[in-house]
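>>> Just a sequence and a predicted model for now, questions to come.
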Amino acid sequence: MSSPLDLLDDAEREQVAPGPPPEGSDAMKAVLTDDRFSDSGWIYERKLDGIRCIAVRDGGQVRLLSRNDIAMNARYPEVAAALDAQSGRFAVDGEIVAFDGDETSFAKLTRRGIESVPVFFYVFDVLWLDGEDVRPLPLRARKRLLRAVLRFDDPLRATAHRNEDGEAFYEEACRKGWEGIIAKRADSPYAARRSRDWLKFKCGHGQELVIGGFTEPRGTRIELGALLLGYYDAEGALRYAGKVGTGFDRPALRDLGARLRELRRDSSPFADEIRERGVTWTEPRLVAQIGFAEWTRDGRLRHPRYLGLREDKDASEVVRER
């Protein structure tokens with residue numbers, strides 16, 4: 001029986017070897033940059049605002065794994081079912097997204113369970129195929145394999161890419177209100193770490209931050225007033241980044257209130273002194289996705305807004321993106 005691996009030439013075939021399928025924690029991660037460039041040695045993809053997922057089909061039921069190896073089959077059963085209906089053994093990498101109009105929206109994705117939200121799995125890489133680890137192959141070769149691995153019927157979609165005009169694509173992305181684009185070195189292998197072979201060109205500001213406490217609600221507000229946020233520095237200290245009090249609806253406030261009450265502690269988890277009244281400190285375990293205008297000179301968020309909780313990322317991994 002033929003395999004997509006038959007598409008490889010002899011030199012490429014020598015780069016792959018038998019091995020176990022990867023886990024979600026093996027996901028390759030991009031580095032944020034302010035550089036914008038066009039280079040024929042790179043490809044450019046739309047940056048999607050969703051939840052990263054490595055999907056593994058290895059003879060049994062498909063496993064959908066987050067970056068911290070949390071199983072997501074129950075959360076996205078339609079994606080799991082579509083992959084179960086495929087043939088062959090594979091591990092693919094991609095992003096589960098929901099749309100708000102023409103834009104992917106993490107905030108919309110977090111509404112699953114509260115309202116009906118259709119989702120799609122945009123696949124952009126293949127890591128393991130028919131028992132062979134294909135991560136050492138150049139990206140263009142993996143892209144060639146990926147087209148032969150899956151049938152892209154909804155909710156499965158192939159992530160389109162461009163081979164040139166990175167700067168023009170970035171400008172187009174920002175005009176359309178996208179998150180930005182990802183530039184990937186075309187001859188790079190897939191590495192289970194953060195690598196400058198993948199670069200993020202962001203149109204706006206936003207990142208994950210750790211919740212270390214909350215203030216009391218005022219007026220008609222329920223559960224909490226604002227979340228106190230931080231990130232870890234190189235020495236492992238939790239640094240204060242400011243507070244966010246916008247972007248919540250009542251279901252989000254109830255959910256956050258219930259979760260944070262279980263994490264209460266007596267002292268601040270932050271390394272910095274924080275002068276806020278009526279603060280309830282919490283264990284720094286929950287990670288929130290935050291949008292904001294910019295960082296101030298003293299390392300605080302300007303005009304932050306809450307977008308949702310990230311259950312696919314460990315709090316200990318949260319650092320300030322520069």
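Received the coordinates, thanks. Residues are numbered from 1 along each chain as shown.
>>> Count the residues that sit near G212.
By other CB atoms under 10 Å, the residues close to G212 number 26. Using the backbone N, CA and C atoms, a C-beta is placed for each residue, glycine as well.
>>> Show the model's pLDDT score for it.
Note for G212: predicted pLDDT of 98.
>>> wouldn't it be in contact with Y232 here?
No. Look at G212 against Y232 with CB atoms under 8 Å: they stay out of range, at 11.0 Å.
>>> between these two, what contacts are shared?
Residues touching both G212 and Y232 (CB atoms under 8 Å, 6 or more residues apart in numbering) are L238.
>>> What strands line up against the helix or strand of the chain with the lowest mean pLDDT, and which way round?
Across the helices and strands of the chain, the lowest-confidence element by mean pLDDT, DSSP states H and E is strand 294-295, at a mean of 88. Looking at strand 294-295 with DSSP bridges, its partner strands are strand 301-302 (antiparallel).
>>> ok, residues contacting the least confident helix or strand of the chain?
Contacts for strand 294-295 (CB under 8 Å, 6+ apart): H205, L301, R302, R320.
>>> now swap in stretch 149-169 and tell me
4, 36-40, 42-46, 48, 78-79, 82-83, 86, 88, 90, 92, 94-95, 118-124, 126, 129, 143, 146-147, 181, 183-184, 186, 201.
>>> ok, now stretch 259-276?
211-215, 224, 228, 230, 233, 237-240, 243, 279-286.
>>> one more time with 7 Å, if that's ok
Here stretch 259-276 makes contact (CB atoms under 7 Å, 6 or more residues apart in numbering) with 212-215, 228, 230, 237-240, 280-286.
>>> Now, of those residues, which are buried?
212-215, 228, 230, 238-240, 281-286 (16 or more other CB atoms under 10 Å).
>>> hang on, the earlier thing: which ones among the contacts of stretch 259-276 lie within strands?
Taking DSSP state E, the ones among these that sit in strands are G212, G213, F214, T215, L228, G230, L238, R239, Y240, T280, W281, T282.
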